[in-house]
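Asker: Predicted model and sequence follow; I will ask about them next.
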Amino acid sequence: LSSYPSYIDLLPAIQTCNITNLPENYFLKYYLYHALTWPQLSFVAVVRPRGGYKTATAGGPGAAGDVSGQYPKVVGYVLAKMEEEPSDGVQHGHITSLSVMRTHRRLGIAERLMRMSQRAMSESHRAHYVSLHVRMSNTAALRLYRDTLGFEVEKIESKYYADGEDAYAMHLNLQDQW
Ligand code: ACO
């Protein structure tokens, strides 16, 4: 038995991070479904008691563990999946949710989480592209997706969010990236 917490042990803390940072929230079983179905695609950023960051994937046993036996603090996550029934018939990934705690923003954590997930989609699932939705008012996330990562706006989805805000549907071609 290992005293290291696994990715699945961290799911409640990942859910708390999501609730803290975004109004779009999910039942714990939806996080578990992602972790069990596409274990390569979701990543978490944690702070260990002695400092420094470590990323873990659902596929790596104990990968998020800290050596002191204390639980690491979750400061960011990306929850990702493969589209199960793609309407265009093209195998592609989808970012369900991404967030980083305020205390740890502008350190490159979100960019790193996204790049790790994108790479895994391409290598593990032969994803042709990755898609996501983002609020039109979310300038920080838009800058990250469009300017840093190279996503393009595919279309506007009217009233996509529960409060009536429109979304940009964005995608990034993953072919020829690696
Ligand atoms: N203003 C302008 N540009 C920004 C900002 C900001 N506040 N934050 C990030 N960026 C851009 C910059 O270009 C930045 O590069 P730079 O720091 O060299 O200028 C680049 O993105 C990379 O930034 P990171 O440090 O990797 O981003 P961070 O770890 O701070 O996380 C995030 C960005 C996830 C948007 C964070 O602000 C957050 O959690 N926001 C609340 C939750 C949220 O909006 N999540 C996305 C919803 S959409 C979805 O989930 C599919």
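Answerer: It's in.

Asker: per-residue confidence averaged over the helix or strand harbouring residue 134?
Answerer: Per DSSP states H and E: residue 134 is located in strand 129-135. Confidence over strand 129-135 (mean pLDDT, whole number) is 98.

Asker: Using PDB, write out the CA atom coordinates for that strand.
Answerer: Taking Å, rounded to 0.1, in the frame of the first residue of the first chain, the C-alpha atoms of strand 129-135 are listed here in PDB:
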ATOM      1  CA  TYR A 129      -8.100  18.500 -33.200                       C
ATOM      2  CA  VAL A 130      -9.200  19.700 -29.800                       C
ATOM      3  CA  SER A 131     -12.300  21.800 -29.100                       C
ATOM      4  CA  LEU A 132     -13.700  23.900 -26.200                       C
ATOM      5  CA  HIS A 133     -16.200  26.600 -25.300                       C
ATOM      6  CA  VAL A 134     -15.300  29.800 -23.500                       C
ATOM      7  CA  ARG A 135     -17.400  32.800 -22.400                       C
END
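
Asker: after that strand, next one along is what?
Answerer: helix 139-142.

Asker: any bit of the helix or strand following that following helix sitting next to the ligand?
Answerer: Once helix 139-142 ends, the next helix or strand along the chain (criterion: DSSP H and E) is strand 152-157. No - with C-beta under 6 Å from any ligand atom as the criterion, the ligand is not reached by strand 152-157; the gap is at least 12.7 Å. Glycine gets a C-beta too; all of them are placed from N, C-alpha and C.

Asker: the inter-axis angle of the helix or strand that strand 152-157 is followed by versus strand 129-135?
Answerer: Tracing the chain past strand 152-157, the next element assigned as helix or strand by DSSP H and E is strand 167-173. Orientation check (axes from the mean of the first three to the mean of the last three C-alpha atoms, to 10 degrees): strand 167-173 against strand 129-135 gives 160 degrees.

Asker: At which residues are the strands of the chain located?
Answerer: Taking DSSP state E, the strands of the chain run over residues 43-47, 53-57, 73-82, 92-100, 129-135, 152-157, 167-173.

Asker: got those as JSON lines, with mean neighbour count columns?
Answerer: Compiled in JSON lines, the strands of the chain are given as follows (neighbours: other C-beta atoms under 10 Å):
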{"stretch": "strand 43-47", "mean neighbour count": "24"}
{"stretch": "strand 53-57", "mean neighbour count": "18"}
{"stretch": "strand 73-82", "mean neighbour count": "24"}
{"stretch": "strand 92-100", "mean neighbour count": "23"}
{"stretch": "strand 129-135", "mean neighbour count": "21"}
{"stretch": "strand 152-157", "mean neighbour count": "12"}
{"stretch": "strand 167-173", "mean neighbour count": "18"}
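
Asker: Many thanks, have a good one.
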